[in-house]
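Trainee: Pasting the sequence and the predicted model now:
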Amino acid sequence: MEGTLPRQQHGLPTASQLADCFGFVTPEDRARWEQARQYSQPRVSAAREMITSSLEAAAELAQQGIQAKLRAAYQVEAQQKERSRTTARTVTEVVDFEDRDDRREIDQTFEF
């Protein structure tokens, strides 16, 4: 039969033959693509990398300082709230009154 794939003993094509038929990627293709990717990557100078890394480190330190100040402020606020909660106040009120009967007697002759 012309145009058919050579078959294994059980009549099925080999794995590499199936890969070729369906257009699977070969290792040579992957190597070419990786090489093309490397050429297309922008070149970064060592000085630029050093400056970038030092700026990133400085920014991280600044961020940590800001976070530390915020945590300290929250802690101070929490301590002040705790102190205000524990303050007890006693209010004493002295009232002077006399027990007296200010009622007037109603005239007995008065009728409703």
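Mentor: Perfect, thanks for sending it.
Trainee: okay, and for this protein, where does confidence drop off?
Mentor: Along the chain, segments meeting pLDDT under 70 span 1-9, 16, 86-87, 100-104, 106-107, 110-112.
Trainee: Going by length in residues, pull out the top helix of it.
Mentor: In the chain, taking DSSP state H as the definition, the longest helix is helix 46-86.
Trainee: Please pick out the residue of this protein most distant from its centre.
Mentor: Relative to the centre of the chain, and counting by Cα atoms, centre = their mean, the farthest-placed residue is residue 109 at 88.9 Å.
Trainee: what kind of secondary structure is that one in?
Mentor: What DSSP: H, G, I helix; E, B strand; the rest coil gives for residue 109 is coil.
Trainee: how near is it to residue 14?
Mentor: Separation of residue 109 from residue 14 (Cβ to Cβ, to the nearest Å): 135 Å. Backbone N, C-alpha and C define where each C-beta goes, glycine included.
Trainee: Now for residue 17, how many residues are close by?
Mentor: By the criterion of other Cβ atoms under 10 Å, residue 17 has 14 neighbours.
Trainee: what about it, which helix or strand?
Mentor: Assigned by DSSP states H and E, residue 17 belongs to helix 15-22.
Trainee: mind checking how far that helix is from the chain centre?
Mentor: Remark: helix 15-22 is offset 48 Å from the chain centroid, using Cα atoms, centre = their mean, to the nearest Å.
Trainee: swap in stretch 48-59?
Mentor: Distance, centroid of stretch 48-59 to centroid of chain: 24 Å (Cα atoms, centre = their mean).
Trainee: how about it: buried residues?
Mentor: By neighbour count with 16 or more other Cβ atoms under 10 Å, stretch 48-59 contains no buried residues.
Trainee: C-alpha coordinates for it, PDB please?
Mentor: Output in PDB follows, covering the C-alpha atoms of stretch 48-59 (Å, rounded to 0.1, in the frame of the first residue of the first chain):
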ATOM      1  CA  ARG A  48      21.000  49.200  35.800                       C
ATOM      2  CA  GLU A  49      20.400  45.900  37.600                       C
ATOM      3  CA  MET A  50      22.500  47.200  40.500                       C
ATOM      4  CA  ILE A  51      20.600  50.500  40.700                       C
ATOM      5  CA  THR A  52      17.300  48.700  40.400                       C
ATOM      6  CA  SER A  53      18.100  46.200  43.200                       C
ATOM      7  CA  SER A  54      19.400  48.900  45.500                       C
ATOM      8  CA  LEU A  55      16.200  51.000  44.900                       C
ATOM      9  CA  GLU A  56      14.000  48.000  45.600                       C
ATOM     10  CA  ALA A  57      15.900  47.400  48.900                       C
ATOM     11  CA  ALA A  58      15.500  51.000  49.900                       C
ATOM     12  CA  ALA A  59      11.800  51.000  49.100                       C
END
